[in-house]
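Participant: prediction below, plus the sequence it came from.
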Amino acid sequence: MTQEEAQEATVFATQRFARRQDAWFGADPRIQWLPHDADDLFEQAMVLVAQLASEVGVEGLQR
């Protein structure tokens with residue numbers, strides 16, 4: 001296998017793996033997807049963490 005063939009095979013396998021993960025995790029209602037390119041990604045994540053903390057009663061995680 002040439003280096004170019006190996007690179008193409010790696011890209012193909014990685015994309016296939018990502019599709020399988022998306023299908024697997026997409027079916028889980030506990031997963032909250034956030035846009036990776038959001039300007040306020042950290043803030044969105046912290047809101048979810050605070051919501052979860054209040055649901056389970058963890059003190060100190062709410063903002």
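Facilitator: Cool, the structure landed.
Participant: show me the contacts for residue 58.
Facilitator: Under the criterion of Cβ atoms under 8 Å, 6 or more residues apart in numbering, the contact list for residue 58 reads residue 52. No exception for glycine: its C-beta is placed from N, CA and C like everyone else's.
Participant: again, only this time at 10 Å
Facilitator: The contact partners of residue 58, by Cβ atoms under 10 Å, 6 or more residues apart in numbering, come to 49, 50, 52.
Participant: in strands, which of those residues fall?
Facilitator: Mapping these onto strands (DSSP state E) picks out no residues; all lie outside.
Participant: any chance of those residues in TSV, plus pLDDT, neighbour count and distance to residue 20?
Facilitator: As requested, the contacts of residue 58 are exported to TSV (pLDDT from 0 to 100; neighbours: other Cβ atoms under 10 Å; distance: Cβ to Cβ, whole Å):
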residue	pLDDT	neighbour count	distance to residue 20
49	91	14	27
50	90	14	31
52	87	13	26
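Participant: show me the contact partners of stretch 26-33.
Facilitator: Under the contact criterion Cβ under 10 Å, 6+ apart, stretch 26-33 has outside partners 22, 24, 25, 44, 45, 47, 48, 51, 52.
Participant: now render the residues you listed as CSV, adding distance to residue 33.
Facilitator: Putting those into CSV (distance: Cβ to Cβ, whole Å) gives the following:
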residue, distance to residue 33
22, 9
24, 13
25, 8
44, 10
45, 11
47, 14
48, 10
51, 15
52, 15
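Participant: now for those: which two are most distant?
Facilitator: Within those, 24 and 47 form the most distant pair, 24.9 Å apart (Cβ to Cβ).
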